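# Predicted model and sequence follow; I will ask about them next.
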Amino acid sequence: MTTAVGVIWGRLWGVRIGFATRMATMWIGPCGRGCTVYPTARIYGGRRVRFGDRVTINDYVHIWGVGGVSIGDDTMIAAHSVIVSQTHELDALRQGRKYRETLTFAPVKIGNNVWIGSSVTILPGVTIGDGAVIGAGAVVTRDIPPAALAIGVPARVIRLLGEQNAFEHAGIAASAKTSAQDA
Ligand SMILES: CC(C)(COP(=O)(O)OP(=O)(O)OC[C@H]1O[C@@H](n2cnc3c(N)ncnc32)[C@H](O)[C@@H]1OP(=O)(O)O)[C@@H](O)C(=O)NCCC(=O)NCCS
């Protein structure tokens, strides 16, 4: 009985209730073909997590999916990375509330053929464009354009990785292109 309750709660809320929830947190929404999720990865709020085809989620990745997380075809998430689609309001104190009472959500969208290095943190509301690479240890606080290499805390674009005219096609702003090429 406890196990059944745990599975139900785990599916609804990602609540940790021992082994049952360990199973439940692996449950996800639409998932393409040929995806690999390594055994120690954790996916919470999985009903709002969508994988394309051939997505790889390595060990110890945590996905907090209640706010919505979509990951495109052929994208790889290296070990120990964290994708977060929920946060708390900073003006909670002024409102006389506790942070735990102010859970808010913003979807994370990661495109096709993206490589997320080890120990990257991706914050709520971020979109990462097709073909982008995020260096190990980065904290991604803002959108990353397609075909861009971004590193650091906070993550900044340091290089563009595709053909020159591909950036115009991808809609990258001239200022972003220039600063990346100057870097
Ligand atoms: C971002 C990355 C792809 C860059 O590779 P690269 O272009 O060959 O980079 P280089 O090794 O030539 O380093 C270029 C500069 O960036 C710095 N740098 C490289 N990776 C960095 C990172 N993740 N964060 C911060 N700085 C980084 C280097 O120190 C170097 O700085 P310097 O010029 O002042 O010496 C790579 O370093 C990386 O992070 N790979 C992820 C590996 C990983 O997580 N694998 C998981 C299993 S697939």
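Yes, it's here.

# Any residues of this structure in contact with the ligand? List them.
Residues of the chain found near the ligand, taking Cβ under 6 Å from any ligand atom as the criterion, are Ala78, Gly117, Ser118, Val133, Gly135, Ala136, Gly137, Ile151, Gly152. In short, each C-beta sits where N, CA and C put it, glycine included.

# ok, of those residues, which come out buried?
When neighbours are counted using 16 or more other Cβ atoms under 10 Å, the residues of the chain next to the ligand contain these buried positions: Ala78, Gly117, Ser118, Val133, Gly135, Gly137, Ile151.

# quick one, helices of the protein?
Along the chain, the stretches classed as helices by DSSP state H are 2-13, 18-24, 164-170, 174-182.

# that older thread, will you turn the residues of the chain next to the ligand into a markdown table that also has pLDDT?
Written out in a markdown table, the entries for the residues of the chain next to the ligand read as follows (pLDDT from 0 to 100):
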| residue | pLDDT |
| --- | --- |
| Ala78 | 98 |
| Gly117 | 98 |
| Ser118 | 98 |
| Val133 | 98 |
| Gly135 | 98 |
| Ala136 | 98 |
| Gly137 | 98 |
| Ile151 | 98 |
| Gly152 | 98 |
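
# May I see the buried residues of stretch 78-92?
Residues of stretch 78-92 classed as buried under the neighbour-count rule (16+ other Cβ under 10 Å) are Ala78, Ala79, His80, Ser81, Val82, Ile83, Val84, Ser85, Gln86, Thr87.

# Correction: the previous question concerned stretch 134-148.
Judged by neighbour count (16+ other Cβ under 10 Å), stretch 134-148 contains these buried residues: Ile134, Gly135, Gly137, Ala138, Val140, Ile144, Pro145, Pro146, Ala147, Ala148.

# Extract the residue ranges of the chain that are flagged as low pLDDT.
Within the chain, the set of residues satisfying pLDDT under 70 comprises 1-28, 164-183.

# Any idea which residue is closest to the centre of it?
For the chain, Ile83 is the residue whose C-alpha lies nearest the centre (Cα atoms, centre = their mean; 3.4 Å).

# got a list of what that residue touches?
Under the criterion of Cβ atoms under 8 Å, 6 or more residues apart in numbering, the contact list for Ile83 reads Val61, His62, Ile63, Trp64, Gly65, Val69, Ile77, Val108, Ile110, Ile122.

# just curious, which of the residues you listed is nearest to the ligand?
Ile77 (9.4 Å; Cβ to the nearest ligand atom).

# Val69 is in contact with that closest one, correct?
No: with contact defined as Cβ atoms under 8 Å, Ile77 does not reach Val69; the gap is 10.4 Å.
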